[in-house]
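Undergrad: Provided below for reference: sequence and predicted model.
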Amino acid sequence: MSKSTFWDRAEDVNAGMLDMSDGERLVPMSHYPDRAAHTLWFITAAGTQAVEAVEDGPKPCGYVICDNGKGLYAHLKGSLALSNDRAKLEELWNTIADSWFEGGIDDPDLRLMSLSLTSGEVWITPTSGIRFMFNIAKSQLTGDEPDMGEHFTL
């Protein structure tokens, strides 16, 4: 497993929790990973806490992903900013995003944000329940710690 595995699994996870205020209030957001740019993208609406926080410029932000089914746990940090990148918006646009905005991709309340990652702590665990149980059983027989995956920083 590697950092590449992080990006692979992040693409399969639908949401995480965006932290604009040092853990005081996290809000659920759907992310769109951009591996090449080390960025997570968000499609959201005007008036949200995140949009209001970055209207006057980029701000430090955290993002948490926890998905047992995908074996991915991450606490990511970076700089959150509004973006006017129409090409990126068109690339990301999908049926789910369309259902939130009455005016579709041209809705005046639609906002695109980017979280440029600067650091992160990641845990990648086995996604198979059978593998988990095998590692626990093996640990009981050998006395060794079970292999529960990989931990690294971005």
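TA: Here it is on my side, so go on.

Undergrad: ok, which stretches of the chain are helices?
TA: Remark: helices assigned in the chain by DSSP state H are 3-12, 49-54, 86-92, 95-100, 129-142.

Undergrad: I'd like those as a markdown table, with distance to residue 108 appended.
TA: (C-beta placed from N, C-alpha, C; glycine too.) A markdown table is the format used below for the helices of the chain (distance: least, Cβ to Cβ, whole Å):
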| stretch | distance to residue 108 |
| --- | --- |
| helix 3-12 | 30 |
| helix 49-54 | 13 |
| helix 86-92 | 14 |
| helix 95-100 | 14 |
| helix 129-142 | 47 |
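
Undergrad: ranges for the strands of the protein?
TA: 15-19, 26-30, 32-34, 39-45, 59-67, 72-83, 110-124, 150-153 (DSSP state E).

Undergrad: any chance of the ones you listed in JSON lines, plus distance to residue 94?
TA: As requested, those are exported to JSON lines (distance: least, Cβ to Cβ, whole Å):
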{"stretch": "strand 15-19", "distance to residue 94": "14"}
{"stretch": "strand 26-30", "distance to residue 94": "10"}
{"stretch": "strand 32-34", "distance to residue 94": "9"}
{"stretch": "strand 39-45", "distance to residue 94": "9"}
{"stretch": "strand 59-67", "distance to residue 94": "19"}
{"stretch": "strand 72-83", "distance to residue 94": "17"}
{"stretch": "strand 110-124", "distance to residue 94": "13"}
{"stretch": "strand 150-153", "distance to residue 94": "30"}
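
Undergrad: in JSON lines: those, plus mean neighbour count, mean pLDDT and distance to residue 103.
TA: Shown next, in JSON lines, are those (neighbours: other Cβ atoms under 10 Å; pLDDT from 0 to 100; distance: least, Cβ to Cβ, whole Å):
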{"stretch": "strand 15-19", "mean neighbour count": "20", "mean pLDDT": "95", "distance to residue 103": "23"}
{"stretch": "strand 26-30", "mean neighbour count": "15", "mean pLDDT": "93", "distance to residue 103": "19"}
{"stretch": "strand 32-34", "mean neighbour count": "19", "mean pLDDT": "97", "distance to residue 103": "20"}
{"stretch": "strand 39-45", "mean neighbour count": "20", "mean pLDDT": "98", "distance to residue 103": "11"}
{"stretch": "strand 59-67", "mean neighbour count": "18", "mean pLDDT": "95", "distance to residue 103": "27"}
{"stretch": "strand 72-83", "mean neighbour count": "19", "mean pLDDT": "96", "distance to residue 103": "18"}
{"stretch": "strand 110-124", "mean neighbour count": "19", "mean pLDDT": "96", "distance to residue 103": "8"}
{"stretch": "strand 150-153", "mean neighbour count": "12", "mean pLDDT": "78", "distance to residue 103": "41"}
